[in-house]
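[1] I would like to see how this sequence folds:
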Amino acid sequence: MRFSRQVLLLQIGVVALVVGLGVALVSVLLRSTLTEQYGQRALAIAKSVAADPVVVANAAAKIPGGALEERALAVTTVNDALFVVITDDKGIRLAHPTPSEIGKPVSTPPDRALAGFDEVSAVQSGTLGLSVRSKTPIWTAGRGRVVGEVSVGFEVAQPIGAFNQLLVSTLLFAGGALLLGAGASALLNRRLRRVTHGLEPHELTELLYEREAVLHGIGEGVLAVDEATRVSVRNTEAERLLGTELPIGAAMSELELSPRLHKAVAEGRPVDNLLAVAGNRVLVINSRAVRLDDRDIGTVLTFRDRTDLDTLTRELDGIRALSDGLRAQRHEFANRLHTLYGLLQLGHHTEAVEYLQTLTDSSSARPSELGDAVADPYLQALLVAKTEQAQEKGLALKLAEDSWVPSTVTDPIAANTVIGNLVDNALHAARMGPRRPATVEVGLLAEDGTLHVSVVDSGPGVPADLRRTLFDEGVSTKIAPGHGLGLALARQAARARGGDVWLADPGEGETGALFVAKLPGMLTEDG
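    Okay, here's the model as predicted:
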């Protein structure tokens, strides 16, 4: 049997039990109350008869029948009673509905009434059958002494009949309450099926286990928000990748997350492979709107970590740039050898010597200058690669004259991220700018273990409308898609080490934009 049907039957059974107990209790109370009411009625009639002077006089004189009989029969008829019996102080009947019973002792004990006390609602059996009766003493004037008693009784059938009428009404009401309770239980059962989509408890338990296994067993971050953009489901991988806690029920607008992530949630449209920065990580975000029964119930987002891939990509780009520079140098070296060979073949020995001297002076100039200013091999390789890359594009990249880094770099990846992104943006700005020759100047300065970086270009500068949002994700002056992460990554990498990257000069004067970075702990202190 389905759980919902079990619940329905249990609810109906509970309602039926409660209604049955209520009817039984009401029945007992009704029966007792009706018996008490008829007893009080009988007592009131008996007291009115006992207060009649004729009854008092005849009872005191012990005169049977006559006036007593007439009054007793009249009261019996008017009040629809079973009997009105009058006795003397010995319990001998002076008036009775059956004349043959007059002069005989009463069939029920009169002791309490003859002792001066009322007896109320006694269910007793006498000569006229079972009845509800009450008895009261007959007092002489001034309550001098008891000269008899008056007993008034009603047939038991009378309170039983009234009880049956009330019981029928009670049963009708109980039946209505039972039907109402059963209907409410049925509606509740229907609501339960609708809320649980017809699933049984064991199926819900299995779904819970499966959900926990899927959420916490996959290598991707999962975040689900409801239609009000409140967090409804998340796994630990999502919190790890986003670098923040995601409390259940928290509004997304209150969480410090990537602007791109907020935008993806707010729009509610499907998003594929959206790149966003979270801390030091580059995440790939995919989102899907969830609908159930033609109703929007929220959005599910998944996150994949692309940090390692981006790190390898940047390293590969550096190696590719270095290899391109070496290839260009190889071609240039081959051309110079051919020229030298031609001079020697033609017999121009003096010119060959001068040409060789010129080559030696020019090739040793830049390496010796760079080597004196920057001792770290990683920074040297990066600057050489970027210099060759700039030359291929017709640009000039030079090291600032006041640059001085005598120690080595402790985190080449972070340095490559910050300096490489700043130089790449500067080269792009210089190439797109109106000034010629297009130049980029890099300044590197060591202060204890802190590396200070400055990059200035000859480009047009940063537009005024981009200066406040320049470091936000997706903000870029480049037209091609897929850009807008370089500066955000550079700032995140610097801030992760306690430093920062900022725009020192937007470039409104004779030069382009000036970016400055501070990287604490980037250098060893042995230099």
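[2] Assign a three-state SS to Ala517, would you?
    strand (DSSP: H, G, I helix; E, B strand; the rest coil).
[3] now swap in Ile285 and tell me
    Quick answer, by three-state DSSP: Ile285 is strand.
[4] Look up how far Pro259 lies from it.
    Distance, Ile285 to Pro259, by CB to CB, to the nearest Å: 12 Å. (Glycine included, C-beta is placed from N, CA and C.)
[5] and these two? which has more neighbours close in?
    Ile285 (22 against 15; other CB atoms under 10 Å).
[6] I'd like to know how many residues surround the closest residue to that one other than its chain neighbours.
    Closest residue to Ile285 apart from its sequence neighbours, by CB to CB, 6 or more residues apart in numbering: Leu274 at 4.3 Å. The tally of other residues near Leu274 (other CB under 10 Å) stands at 18.
[7] Next up, the contacts around Leu274.
    Contacts here follow CB atoms under 8 Å, 6 or more residues apart in numbering; on that basis Leu274 touches 260, 264, 284-287.
[8] The same query, at a cut-off of 7 Å, please.
    260, 264, 285 (CB atoms under 7 Å, 6 or more residues apart in numbering).
[9] Kindly report the same for Ile248.
    231-232.
[10] redo that, cut-off 8 Å
    Contacts for Ile248 were tallied using CB under 8 Å, 6+ apart; they are 231-234.
[11] sorry, back to before: and the pLDDT for the residue nearest to Ile285?
    Looking at Leu274, its pLDDT reads 75.
[12] For Leu199, the count of nearby residues, please.
    Leu199 sits with 15 neighbouring residues when counted by other CB under 10 Å.
[13] quick one: it and Glu206 touch, right?
    No - using CB atoms under 8 Å, Leu199 is not in contact with Glu206; the gap is 9.2 Å.
[14] now, which of the contacts of Ile248 sits nearest Ile102?
    For those, the residue nearest Ile102 by CB to CB is Ser232; the value is 92.6 Å.
[15] Could you tell me which residues make contact with that closest one?
    Applying CB under 8 Å, 6+ apart, the residues contacting Ser232 are 224-226, 248-249, 298.
[16] Surely Ser258 touches Leu275?
    No - look at Ser258 against Leu275 with CB under 8 Å: they stay out of range, at 9.6 Å.
[17] so where do the helices sit in the protein?
    Here the chain has its helices, by DSSP state H, at 3-50, 53-61, 66-78, 111-114, 157-195, 201-217, 236-242, 259-267, 307-345, 349-373, 377-392, 412-432, 486-496.
[18] List the buried residues of the second one.
    Same thing as helix 53-61. By neighbour count on 16 or more other CB atoms under 10 Å, the buried set for helix 53-61 is 55-56, 58-60.
[19] Go through the residues you listed and say which is closest to Thr35.
    Closest to Thr35, out of all of the buried residues of helix 53-61 and judged by CB to CB, is Val55, at 26.6 Å.
[20] how's the protein carved up into domains?
    3-162, 219-305, 365-519 (automatic domain parsing).
[21] What is the burial count for Leu188?
    Neighbour count of Leu188, defined by other CB under 10 Å: 14.
[22] can you check Ala373 too?
    20.
[23] so it touches Trp404, yeah?
    Yes - Ala373 is in contact with Trp404 according to CB under 8 Å; the separation is 6.1 Å.
[24] Show me the common contact partners of the two, please.
    Leu444.
[25] so where's the stretch 151-300 of the chain shaky on pLDDT?
    157-163, 212-214, 216-217, 268, 279-280 (pLDDT under 70).
[26] ok, now with 90
    153-300 (pLDDT under 90).
[27] Could you do the stretch 301-450 of the chain as well?
    301-394, 401-402, 405-418, 420-421, 424-425, 428-438, 447-449.
[28] mind running it again at 70?
    307-332, 359-371.
[29] separation between the most centrally placed residue in the chain and Gly507?
    With distances taken as CA atoms, centre = their mean, Gly249 lies nearest the centre of the chain, 3.3 Å away. Per CB to CB, Gly249 is found 47 Å from Gly507.
[30] Check Asp376 too.
    Taking CB to CB, one finds Asp376 at 29 Å from Gly507.
[31] and those two? which has more neighbours close in?
    Shown here are Asp376 and Gly507; by other CB under 10 Å, Asp376 has more neighbours (24 against 21).
[32] List phi and psi for the more buried one.
    Backbone torsions of Asp376, given as degrees, to the nearest 10, read phi -70, psi 130.
[33] Report the contact partners of it.
    Asp376 neighbours (CB under 8 Å, 6+ apart): 405, 407-409, 523.
[34] gap between the closest residue to Gly126 other than its chain neighbours and Leu82?
    Leaving aside its sequence neighbours, Gly126 sits nearest to Ser107 (CB to CB, 6+ apart; 4.2 Å). Separation of Ser107 from Leu82 (CB to CB) stands at 13 Å.
[35] and what of Ala238?
    From Ala238 to Leu82 the distance is 87 Å (CB to CB).
[36] Same question for Val150.
    Distance from Val150 to Leu82, by CB to CB: 14 Å.
[37] So for the two, which residue has more residues nearby?
    Using other CB under 10 Å as the criterion, Val150 and Leu82 rank with Val150 on top: 29 against 22.
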